[in-house]
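>>> Model the following, please.
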Amino acid sequence: FKSVISQKLTVTQLLPLKTLQPSAGAVSEQSTDSLVQTDYLYEQPPQELLATLLPRYVEVQIFGSLLESNAAEHAARMTAMDSASANAGDMIDSLTLTMNRIRQAAITREIIEIVSGAAAI
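Modelled structure (predicted):
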């Protein structure tokens, strides 16, 4: 979902995970004169941690995709209903004008008949 007016279809690969590359705006570790490495300590072994986090990651990504899809569907419905309402308004205006012309023509015809009848007498 991009906006109400436009949607952008994307395909996202969930698995296998891609490795993250440092962005161009990020400060690289080698830009400083010394190489700094950070070592993280985890309470669980990496395999157990990955086995816990990976299913949760996939669930969150799928849920996010479903939410965006739902938002895009609602936006499309809202746009379609707005267009239908505008078209119905135009049709009502056109039919009202046509009916007013027909009514006015009938009134004019009756007045002419009355005036013609009065002139004949």
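>>> Show me where the chain has its helices.
46-120 (DSSP state H).
>>> pLDDT averaged over stretch 58-76, what's the number?
Across stretch 58-76, the average pLDDT comes to 92.
>>> The chain should start at 32 in everything you say after this.
I'll keep to 32 as the first residue from here, and by that count the last item is stretch 89-107.
>>> what distance separates it from the centre of its chain?
On the basis of CA atoms, centre = their mean, to the nearest Å, stretch 89-107 sits 11 Å off its chain's mean C-alpha point.
>>> Could you list the buried residues of that stretch?
103, 106 (16 or more other CB atoms under 10 Å). Backbone N, C-alpha and C define where each C-beta goes, glycine included.
>>> Contacts only, for the nearest residue to residue 110 once chain neighbours are set aside.
Closest residue to residue 110 apart from its sequence neighbours, by CB to CB, 6 or more residues apart in numbering: residue 35 at 6.3 Å. Contacts of residue 35 were listed using CB atoms under 8 Å, 6 or more residues apart in numbering, and they are 106, 109-110.
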